[in-house]
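Engineer: No letters, just coordinates:
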């Protein structure tokens, strides 16, 4: 930024929801010009009237959007339920199946391959969930039930009626599949929403973990010096959806409606999505929102931990189409994840659990909209 626009000063601000919160910044009229968020929580900013239609500004500044991946821009409109952009994407989330080679070697099991289905990976997990030398090894941590549900493009909330719609045959199928994984004897210690990565790379007792971009965890100084014998395969898929990963997860820069520096803010945003910056981003292990093949070829080049690893596994699945999540998306994701834990821990009947979940969630959404 200093090279390209020396007249612009960028001041980062961490909204930690403790000492610094967005409502407090709004009340003090100190809202940042640009707010980073993701497509799942984008609609939250409608509640605070912070969204701005960028159409005219993009046209007047002659900002070129032709280099973006089409689904990166379109997903912002879909998840926000607007026909226009309210921000620009700067990176895409990816998913993969991480696995510990030492555990596979210990039990003489073949490593997972790219393109495996959930069923095939579950069968592998059964062979790897064992006790050895008084240590309980877990074959597979599937992470949140929300993620395989998103592979099938299953919404949790009806955006028109704001009713919970988890009690369906499609969701029951996903819950049963994840339940089967956790009910492998010895594999029921649920570590979802990223918590499993600690057992994977610290205690090293999880053979496989299906997750998001956790390269920053693997690149931790303590971890990378003590745990090198791991690799990746492509994220497990459903038989009828080969090559389809979890719902597209865009990280974007929202241009605040309250900004008094919209032209300068767009210049900052345009710099972040320039070839130069995006190349550095992908070399550090992020996925670019730009479609040129060079961004895929340069992926992870700055990370020593990826030398000799199956890096192409990251690109073997394409993200599933998004669905309008509403402003309660974050809550729904956490609640559906917690429900899976309750079903396993308390041995709750699946039909009863989903029916009660819908009733309780619909009531919560109605109260939240008052």
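Structural biologist: Perfect, thanks for sending it. Not measured: the values here are computed from a predicted model.

Engineer: Am I right that residue 102 falls within a helix?
Structural biologist: Yes. The assignment for residue 102 (DSSP: H, G, I helix; E, B strand; the rest coil) places it in a helix.

Engineer: residues contacting it?
Structural biologist: Neighbouring residues of residue 102 by Cβ atoms under 8 Å, 6 or more residues apart in numbering: 204, 229. Yep, even glycine has a C-beta here, placed from its N, CA and C like the rest.

Engineer: how close does it get to residue 229?
Structural biologist: Distance, residue 102 to residue 229, using Cβ to Cβ, to the nearest Å: 5 Å.

Engineer: Can you report how many residues neighbour residue 12?
Structural biologist: Here the count is done by other Cβ atoms under 10 Å, and residue 12 has 6 residues near it.

Engineer: tell me the contacts of it?
Structural biologist: Going by Cβ under 8 Å, 6+ apart, the list of residues near residue 12 is empty.

Engineer: for residue 193, same thing?
Structural biologist: So residue 193 contacts 143, 144, 334, 337 (Cβ under 8 Å, 6+ apart).

Engineer: Verify the stated contact: the second one with residue 191.
Structural biologist: If I follow you right, that is residue 144. No. Look at residue 144 against residue 191 with Cβ atoms under 8 Å: they stay out of range, at 10.6 Å.

Engineer: Same drill for the two, tell me which one is more crowded.
Structural biologist: residue 144 (24 against 17).

Engineer: ok, and the closest non-adjacent residue to the more buried one?
Structural biologist: In this structure, residue 144 finds its nearest non-sequential neighbour in residue 337, 4.3 Å apart by Cβ to Cβ, 6 or more residues apart in numbering.

Engineer: for residue 355, same thing?
Structural biologist: residue 167 (5.2 Å).

Engineer: related to what we said a few turns ago, the residue nearest to residue 144 sits in which helix or strand?
Structural biologist: Element membership for residue 337 (DSSP states H and E) is helix 329-346.

Engineer: Distance of the residue nearest to residue 144 relative to residue 175?
Structural biologist: 11 Å.

Engineer: Then residue 321?
Structural biologist: Residue 321 is 21 Å from residue 175, by Cβ to Cβ.

Engineer: of these two, who's got more company?
Structural biologist: residue 175 (22 against 14).

Engineer: Pull out the buried positions in the host helix or strand of that one.
Structural biologist: Taking DSSP H and E as the definition, residue 175 sits inside helix 169-182. Across helix 169-182, burial judged by 16 or more other Cβ atoms under 10 Å covers 171, 172, 174, 175, 177, 178, 179, 180, 181, 182.

Engineer: quick one: contacts for the nearest residue in space to the first one that is not next to it in sequence?
Structural biologist: Spatially, and ignoring its direct neighbours in sequence, residue 171 is nearest to residue 154 (5.8 Å; Cβ to Cβ, 6+ apart). Residues in contact with residue 154, defined by Cβ under 8 Å, 6+ apart, are 168, 170, 171, 174.

Engineer: Distance-wise, check the last one relative to residue 18.
Structural biologist: So the one you mean is residue 174. With Cβ to Cβ as the criterion, residue 174 and residue 18 are 34 Å apart.

Engineer: Equivalent analysis for the third one, please.
Structural biologist: As defined by Cβ to Cβ, residue 171 lies at a distance of 34 Å from residue 18.

Engineer: hang on, the earlier thing: and the contacts of residue 193, which two are the farthest apart?
Structural biologist: Within the contacts of residue 193, 143 and 334 form the most distant pair, 13.0 Å apart (Cβ to Cβ).

Engineer: ok, those two, which is more surrounded?
Structural biologist: residue 143 (24 against 14).

Engineer: List the contacts of that one.
Structural biologist: 192, 193, 194, 196, 209, 210, 211, 212.

Engineer: and the first one, that's in a strand?
Structural biologist: Pointing back at residue 192 there. No. Under three-state DSSP, residue 192 falls outside any strand and is assigned coil.

Engineer: Name the spans of the stretch 251-370 of the chain whose pLDDT lies under the cut-off.
Structural biologist: Scanning the stretch 251-370 of the chain for pLDDT under 70 picks out nothing.
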